[in-house]
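S.K.: Pasting the sequence and the predicted coordinates here, then a few questions.
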Amino acid sequence: MDAPSVISATGTHTASVLLYCCFPFFSNFRTLKFFQYNVNYLIFYLSIFIFLQVIFLHGLGDTGFGWSPLFQKQFQFPHIKFICPHAPIMPVSLNSGMRMHSWFDIVGIGMDATEDEDGIKHSAKQIKELLTFLCFSSACRVKEYFKSISLSLTDAYYHMFSVQNLIEEEMRIGIPSHRIILGGFSQGGALALYSSLTFNKRLAGIMSLSCWLPLHRQFSPENVSINKITPILQCHGEDDQLVSQAVGRATAEMLKELCSSHKIIFYPGMAHTYCSQVFIFFF
């Protein structure tokens, strides 16, 4: 069964996380029911020797599969693990109540637009729980965490390593939070910003592409988390008609006031999309 079939069969609201470990040695996705969680996500890496983990959040109506070709094929960084969560399906007010993958409801896009505070905070809580899980630094703490979790394994071998070996390796290594980058595009970038600035552990970096800072009125230099000193790269197209350049500039001004290491790049002629050079520059 391929990955889209698995998602179709299980549904996006399943409580089980499915990890899709994608290697260039295989033409199809291998699946593993890993632990109970309310986010489905995609994982791929080229080496078990991981120095950096990147969690990248897709935009409205997309899934993690929309970004996997970029990270898996175009940018083959051998010691970076990419994790691309899939947002749940929900009605979106901006699109006349149409149901689609969305991290939270969007009524409008602008600095004065009505915001789905509960939805933003709920999704941010899930992302921060994922970050906390990934940055266990003590093997004994991770093993203790797994005592109550029942693993159901499928397709046990990936290349020369079994699923069990991969899990044990992850448990042994434990990636510290300062080696995790959180980023995203559009709505996903907005959630990445909010999650980072309210997360209580230091991250390696924050990448925000064509997005805005949600619930910006709730932030001040005094209440921003430890990630006020984390490098933030913000990129925006000057011809973006969906999240306007004005929104991007207003967000940049706020981030400069809140954080000590912020860089903004505007791309002439670029619409609501991304520039691949950003990833090479950042990683």
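M.R.: That came in fine, so what should we check first? Predicted model only: the values in this text are computed from it and were never measured. Numbers count the residues shown, from 1 in each chain.

S.K.: And the nearest residue in space to T198 that is not next to it in sequence, how close does it get to K201?
M.R.: Spatial nearest neighbour of T198, chain neighbours left out: S225 (5.7 Å); criterion: Cβ to Cβ, 6 or more residues apart in numbering. All C-beta atoms are positioned from the backbone trio N, CA, C, and that covers glycine. Going from S225 to K201 by Cβ to Cβ, to the nearest Å gives 8 Å.

S.K.: quick one: which of the two has more around it?
M.R.: Neighbours per residue (other Cβ atoms under 10 Å) separate S225 from K201, with S225 holding more: 18 against 15.

S.K.: Now the more buried one: phi and psi?
M.R.: For S225, the backbone dihedrals (degrees, to the nearest 10) come out as phi -70, psi -180.

S.K.: My read is that it contacts F199, right?
M.R.: Yes: because the distance of 5.5 Å satisfies Cβ atoms under 8 Å, S225 is recorded as touching F199.

S.K.: Who are the contact partners of M100?
M.R.: Applying Cβ atoms under 8 Å, 6 or more residues apart in numbering to M100 gives the contacts L60, G61, I89, M90, V92.

S.K.: Tell me who's in contact with the last one.
M.R.: Remark: with contacts taken as Cβ under 8 Å, 6+ apart, V92 is in contact with L60, M98, R99, M100, S102, D105, I106.

S.K.: let's go with 6 Å and repeat that
M.R.: For V92, the contact set (Cβ atoms under 6 Å, 6 or more residues apart in numbering) comprises M100, S102, I106.

S.K.: Got a quick ChimeraX command for the buried subset of the contacts of M100?
M.R.: Buried residues among the contacts of M100 (16 or more other Cβ atoms under 10 Å), as a ChimeraX selection:
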select :60,61,90,92
